[in-house]
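S.K.: Can you look at this prediction? I've put the sequence above it.
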Amino acid sequence: MAKISVYTRDINPKNYPFGLATSVHFIVEKDGVETPLNQNYGILFVQGEISKGNTIIPLGASNPRIYLQSDGTIGICARRITEDGASYESDEGKLWSWTTTDFKHFETVGLVDEDALSKNDMSDHVVVDDDVAVSAINYWNPPTPDGFPSDEKFTFPLAKGFGDPVIFPWEGKWYFISTSDNTGDVGIYVREADTVHGLFEDNITQHLILPYDTDRELIQTFWAPEFHAIGGQLYILFAVSGQQWGPQCHLMKLKKGGSIIDPDSWSDPVMILKKDGSPLSKGAISLDMTYLKSGNRSYVVWSYREGIGHPHDTGSMLCIASIDEKNPHILTSDPVLLSRPLYGWENVEGTINNEAPYAFIRDGKINLTYSGGAANGYTYAVGLFTAYEGTDLLDLNSWTKSPTPILNFYLVPEYGPGHNSFFTDENGDLMIAYHGETDMESHLRCDMIRKVFFKEDGTPFFR
């Protein structure tokens, strides 16, 4: 038999702040050996609340308890606390709870009356079969997979001073596009090569395909460009601001027979509009738009934020809407709010982020990743939504949001890994590209690539 214990960690503002430390952690003790799950990074995060002013109230977990329920499932509960350590007053008489059968997959129950839970024999640990313990260890701390490392040349850093990387194949060539910190985020640059490795050779040419242009109101925050083939045509989705700061989602189309690295081969950028023709985010900001197709329907997902820099900052949130492939800059549905940064890892160090969505489909399942935490700090991390291909992605019931990020600075050597994209390389392997930082103190973003591996249930993981 083995013992699985639950706990929170001490808050350390320098390397493990409130949003991370006050999550539920798990450790397995078997044959006298203790093994923290998920490399001792939190697994279960309580949800924060939304204030009357539409801002996020960050909350953490305190005094987690675990118990066996009458139906044989395992229950976990914790008290929600505010950043000053006090119990969240609206929760009086209630605890936040989850259930599991295998310590790999958890169902969020939410608030439950404390009196009802007190009938259980609650403790800081439960005793489980060895098979359950070993299975949980292998799931959260996967053994080194075959084929690792995927390629010695794909080591950190690949490109210094860049963020939001996308690698894309088109008509026999490979292309790299990203936000360029080296130019103050002004202009969109593209690299072209015959191989993925070639994109990161010394002295590679940076082709400026969208310059600073006051006449077209292309002035600042040239952010998060992404290549996407929509209806057989190549587009770049990106954000940009005019004279007044405030990034808005735009797209531009590659002209028929045009060259990706030729600025004259691209149509004039157009702003993304709602289905009634009004701006996507009037009085707010929109950015990080991505595209995905499920069944015969096309969708865009983006990040939206109101009141940034003001007391009523909503934090960035993810929205989704449908589009017509023939006219992709106009939505064909109302925006649907998909997610807000309610988990501690999303809302940490004063950063309130749900941003940078990007999807891939595998075995009939849509994997939509996104980033949360401090975009220029070590807490930046990648979360995951899943849905089945062909379902209505505007129906929130189609989506499952994991409470645990799938990529963070405890799982890879880089700090603040995030704002990722995916591509399939020349060998047919699914790869992830993302930006991170060299250490906790540095804020020089650098891009890197890793091979994507998969757990037994299809959840992606990284080494």
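M.R.: Perfect, thanks for sending it.

S.K.: in the stretch 1-150 of the chain, what spans have low per-residue confidence?
M.R.: Along the stretch 1-150 of the chain, the parts satisfying pLDDT under 70 run over 147-150.

S.K.: again, only using 80
M.R.: Low-confidence segments of the stretch 1-150 of the chain (pLDDT under 80): 144-150.

S.K.: which residues of it fall in helices?
M.R.: Along the stretch 1-150 of the chain, the segments classed as helices by DSSP state H, counting those that start in this stretch run 18-21, 114-117, 130-140.

S.K.: Name the stretch among these that sits most buried.
M.R.: When the helices of the stretch 1-150 of the chain are scored by mean count of other Cβ atoms under 10 Å, the highest mean neighbour count falls to helix 18-21 (a mean of 25). Every residue, glycine included, has its C-beta placed from N, CA and C.

S.K.: Just give me how far it sits from the chain centre.
M.R.: Chain-centre distance of helix 18-21: 18 Å, with Cα atoms, centre = their mean, to the nearest Å.

S.K.: cool, and stretch 12-25?
M.R.: Put simply, stretch 12-25 sits 19 Å off its chain's centre (Cα atoms, centre = their mean).

S.K.: same thing with stretch 449-460?
M.R.: In this view, stretch 449-460 has its centroid 15 Å away from the chain centroid, taken as Cα atoms, centre = their mean.

S.K.: okay, how far is it across it, tip to tip?
M.R.: 14 Å (Cα to Cα, to the nearest Å).

S.K.: which parts of it are buried?
M.R.: With burial defined by 16 or more other Cβ atoms under 10 Å, the residues of stretch 449-460 counted as buried are 449-453, 459-460.

S.K.: Among those, which are located in strands?
M.R.: Judged by DSSP state E, these include 449-451, 453, 460 as members of strands.

S.K.: Domains in this structure, by residue range?
M.R.: Using automatic domain parsing, the domain parsing of the chain gives 2-140, 159-461.

S.K.: Tell me which of those domains sits nearest to residue 146.
M.R.: Closest to residue 146 of the domains of the chain, according to Cβ to Cβ: domain 159-461, at 9.1 Å.

S.K.: and the end-to-end length of the closest one?
M.R.: Using Cα to Cα, the end-to-end distance of domain 159-461 comes to 23 Å.

S.K.: Likewise for stretch 306-318?
M.R.: OK, stretch 306-318 end separation, Cα to Cα: 12 Å.

S.K.: which other residues reach it?
M.R.: Stretch 306-318 is contacted from outside by 53-56, 283-285, 301-305, 337-341, 347, 352-355, 357, 370, using Cβ atoms under 8 Å, 6 or more residues apart in numbering.

S.K.: Then stretch 264-284?
M.R.: Contacts with stretch 264-284, where a contact means Cβ under 8 Å, 6+ apart, come from 209-210, 216, 218, 236, 238, 240, 248-255, 258-259, 286, 289, 300, 302, 304-307, 329-335.

S.K.: These, buried ones only, as a ChimeraX selection?
M.R.: Listed next is the ChimeraX selection for buried residues among those, using 16+ other Cβ under 10 Å:
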select :209,210,218,236,238,240,248,249,250,251,252,253,254,259,286,289,300,302,304,305,306,307,329,331,335
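
S.K.: And the strands in the stretch 101-250 of the chain?
M.R.: Secondary structure of the stretch 101-250 of the chain (DSSP state E, counting those that start in this stretch): strands located at 106-113, 125-128, 159-160, 162-170, 173-180, 188-193, 207-210, 220-230, 233-241, 248-253.

S.K.: Just give me the lowest mean pLDDT stretch among the ones you listed.
M.R.: With a mean of 86, strand 159-160 has the lowest mean pLDDT of those.

S.K.: May I have the strands that pair with that strand, each with its orientation?
M.R.: Here strand 159-160 has these sheet partners by DSSP bridges: strand 445-451 (antiparallel).

S.K.: Report the mean confidence score over the partner strand.
M.R.: Strand 445-451 shows a mean pLDDT of 91.

S.K.: what angle sits between it and strand 173-180?
M.R.: When axes from the mean of the first three to the mean of the last three Cα atoms, to 10 degrees is applied, the directions of strand 445-451 and strand 173-180 differ by 140 degrees.

S.K.: so strand 445-451 versus strand 162-170, what angle?
M.R.: Per the same axes, to 10 degrees, the angle that strand 445-451 makes with strand 162-170 is 40 degrees.

S.K.: one step back: which one of the helices of the stretch 1-150 of the chain lies nearest to residue 438?
M.R.: Nearest to residue 438, of all these, is helix 18-21, at 20.5 Å by Cβ to Cβ.

S.K.: can you dump the C-alpha coordinates of the closest one into PDB?
M.R.: C-alpha atoms of helix 18-21 as PDB (Å, rounded to 0.1, in the frame of the first residue of the first chain):
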ATOM      1  CA  PHE A  18       0.700  33.200  -3.700                       C
ATOM      2  CA  GLY A  19      -1.000  32.200  -6.900                       C
ATOM      3  CA  LEU A  20       1.100  29.000  -7.200                       C
ATOM      4  CA  ALA A  21       1.900  28.200  -3.600                       C
END
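
S.K.: what's that helix packed up against?
M.R.: Counting by 3 or more Cβ pairs under 8 Å, 6 or more residues apart in numbering; DSSP states H and E, the packing neighbours recorded for helix 18-21 are strand 60-68, strand 347-348.

S.K.: Tell me which of those strands sits most buried.
M.R.: strand 347-348 (a mean of 26).

S.K.: and that strand, which strands flank it?
M.R.: On the basis of DSSP bridges, the sheet neighbours of strand 347-348 come out as strand 351-352 (antiparallel).

S.K.: Counting neighbours, show which residues of the next helix or strand after the partner strand come out buried.
M.R.: Downstream of strand 351-352, the first helix or strand assigned by DSSP states H and E is strand 355-362. Neighbour counts over strand 355-362 (16+ other Cβ under 10 Å) mark 355-360 as buried.

S.K.: pLDDT wise, what is the residue nearest the centre of the chain at?
M.R.: When Cα atoms, centre = their mean is applied to the chain, the residue found nearest the centroid is residue 370 (2.2 Å). We have a pLDDT of 98 for residue 370.

S.K.: If we ignore the residues flanking it in sequence, what's nearest it?
M.R.: Distances taken as Cβ to Cβ, 6 or more residues apart in numbering put residue 357 closest to residue 370, at 4.6 Å, once the chain neighbours are dropped.
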